[in-house]
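**Student:** A structural model of the following input is requested.
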Amino acid sequence: MIDVRACWGCGIRRATWIACVLAVVSSTSGAAEPTWAEKMFDARSHDFGVVAMTSKVTHRFQVKNHYVETVHIAGVKTSCGCSVAQPSQSTLASGEVVTIDVTMDMRRTRMTTAKKSSVLTVTFDRPAFAEVRIPVTARVRKDLVIAPGSADFSGVEEGEGASRTLKLRYAGRGNWTIKQIEVSSPHLVARVEETRRAEVRRLGILSKFHEVQYDLVVELKPSAPAGLLRETIVLVSDDKQTPRIPVLVEATVESEFSFSPMAGGVVSLGSLVPGMAKRVSVVVKGREDFRIDRIEAGSSSGIFRTKLSTSKRRVHVLPLTVTAPQGLTEIRETFTLAIDGRDKPLTFTVYGRIAPAAKP
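**Tutor:** Model prediction:
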């Protein structure tokens, strides 16, 4: 509240006093305005809701560069050991969208904790320094256990399906039921199978309760693309207050081919100087021997040169030479490789920043 009498008591004239009030109101309202960095995020907080006490849950934030300048994420961290965060890449060109996945593991919380909180901090160092802090919360459901806490499909080869079974155990009502399953990914299939429903008698405070057990079978389809897949399956029970039960599915689908050095989904060219040639070696590995028929750049700028080997081998090293032109601040190019005997081509993207040329 603004003390009007204090302003008048100082002998301030009416016009000056009005300006004083407007300045205070303006500064107060301005403090609530999001910063340039905060405006890039699709959400400023997230609540996972109620989750099983042994589960892992994840949420994906989207970050879009609305500005002309390139934006760089210098660091991502969380305030709690029960949570981790991972950006899809660290550099955002103008108009580009990246994602930041935040995962919270209930197994790393105390059994007595009913609510868990963490803060995601994203630090930017270009085009200017900024920090964005996003609170993330979850409430722990203690009558439900899922083991393991997520469906993990690590190391699945591309084109190969796989299946995982999770054990779900509920303690409470005798007629508790899972009514349906919500699966949003076209690469996943899930079903539940009831394995136990019985009354349990034990000594202690809770002498009698009902135990209901299900097997949750999650299948990863052969159509899953190479790379990281992170989705959430939702089990819907007949509970009136908290019917939705999120279950995290994580898959690392290994491609028949891989590129290196790869960071954030791109091959880095590092810092470039206009007019000066720089050579970068791109390594292409396959499970078996293969031959590269041709390589094509997405644009016809002519700033890249390379030489292909005609031999058939498991590892190919592409000597990629780039000469940065004048007038640009960055280079981003996508290359297509045609592989002998393979219908689907391979692609990889390179990125580099162009430093201003030194003045004579």
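**Student:** Low-confidence regions, this protein specifically.
**Tutor:** Scanning the chain for pLDDT under 70 picks out 1-32, 109-113, 203-207, 263-265, 300, 357-360.
**Student:** how much space is there between the most centrally placed residue in the chain and residue 323?
**Tutor:** Residue closest to the mean C-alpha point of the chain, counted by C-alpha atoms, centre = their mean, is residue 101 at 2.7 Å. From residue 101 across to residue 323, the span is 37 Å (C-beta to C-beta, to the nearest Å). The C-beta positions use only the backbone N, C-alpha and C, and glycine is treated the same way.
**Student:** Surely the residue nearest to the centre of the chain touches residue 59?
**Tutor:** Yes. The criterion here is C-beta atoms under 8 Å, and residue 101 meets it with residue 59 at 7.4 Å.
**Student:** Residue 245: what's it in contact with?
**Tutor:** Shown in contact with residue 245 (C-beta atoms under 8 Å, 6 or more residues apart in numbering): 51, 52, 141, 144, 146, 178, 234, 235, 236, 237.
**Student:** Make JSON lines out of these and add distance to residue 95.
**Tutor:** JSON lines is the format used below for the contacts of residue 245 (distance: C-beta to C-beta, whole Å):
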{"residue": "51", "distance to residue 95": "35"}
{"residue": "52", "distance to residue 95": "39"}
{"residue": "141", "distance to residue 95": "41"}
{"residue": "144", "distance to residue 95": "43"}
{"residue": "146", "distance to residue 95": "40"}
{"residue": "178", "distance to residue 95": "43"}
{"residue": "234", "distance to residue 95": "32"}
{"residue": "235", "distance to residue 95": "38"}
{"residue": "236", "distance to residue 95": "38"}
{"residue": "237", "distance to residue 95": "42"}
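**Student:** Quick check on those residues: which are buried?
**Tutor:** Using 16 or more other C-beta atoms under 10 Å as the burial test, these include 51, 52, 141, 144, 146, 178, 235, 237 as buried.
**Student:** Strand partners (parallel or antiparallel) of whichever strand or helix holds the first one?
**Tutor:** Okay, so that is residue 51. Per DSSP states H and E, residue 51 falls inside strand 46-52. Note on strand 46-52: by DSSP bridges, its sheet partners are strand 130-141 (parallel).
**Student:** For the partner strand, which residues meet the burial criterion?
**Tutor:** Under the neighbour-count criterion of 16+ other C-beta under 10 Å, strand 130-141 has 130, 132, 134, 136, 138, 140, 141 buried.
**Student:** How about residues contacting that strand?
**Tutor:** Strand 130-141 is contacted by residues 35-38, 41, 43-53, 57, 59, 61, 78, 83, 102, 104, 106, 109, 113-124, 242, 245 when judged by C-beta under 8 Å, 6+ apart.
**Student:** how about the helices in the chain?
**Tutor:** Secondary structure of the chain (DSSP state H): helices at 4-9, 14-31.
**Student:** tell me which residues form a beta bridge with residue 77?
**Tutor:** Under the criterion used (DSSP bridges), residue 77 bridges to residue 121.
**Student:** Does it touch residue 121 like I think?
**Tutor:** Yes. Assessed by C-beta under 8 Å, residue 77 is found in contact with residue 121 at 5.3 Å.
**Student:** between these two, which one's more packed in?
**Tutor:** residue 121 (15 against 12; other C-beta atoms under 10 Å).
**Student:** Quick one: residues contacting that one.
**Tutor:** By C-beta under 8 Å, 6+ apart, the residues touching residue 121 are 75, 76, 77, 78, 79, 131, 132, 133, 134.
**Student:** for residue 352, what are its contacts?
**Tutor:** 268, 269, 270, 271, 272, 278, 322, 324, 330, 331.
**Student:** what about the fourth one, neighbour count?
**Tutor:** Residues within reach of residue 271, counting by other C-beta under 10 Å, total 11.
**Student:** Skip the chain neighbours and tell me the closest residue to residue 161.
**Tutor:** Distances taken as C-beta to C-beta, 6 or more residues apart in numbering place residue 222 nearest to residue 161, at 4.6 Å, with adjacent residues excluded.
**Student:** show me the contacts for the one you found.
**Tutor:** If a contact means C-beta under 8 Å, 6+ apart, then residue 222 has 159, 160, 161 as its contacts.
**Student:** ok, so of the residues you listed, who is nearest residue 255?
**Tutor:** Nearest to residue 255 among the contacts of residue 222, counting by C-beta to C-beta, is residue 159 at 9.6 Å.
**Student:** can you give me phi and psi for the closest one?
**Tutor:** The phi/psi pair for residue 159 (degrees, to the nearest 10) reads phi 90, psi -10.
**Student:** Just give the number of residues close to it.
**Tutor:** Applying other C-beta under 10 Å, we find 12 residues neighbouring residue 159.
**Student:** before we move on, what about residue 55?
**Tutor:** 26.
**Student:** residues touching it, list them.
**Tutor:** Counted by C-beta under 8 Å, 6+ apart, residue 55 has contacts 106, 146, 149, 150, 246, 247, 248.
**Student:** Same question for residue 96.
**Tutor:** If you count contacts by C-beta under 8 Å, 6+ apart, then residue 96 has 64, 65 around it.
**Student:** quick one, phi/psi of it?
**Tutor:** Torsion angles, degrees, to the nearest 10, at residue 96: phi -80, psi 150.
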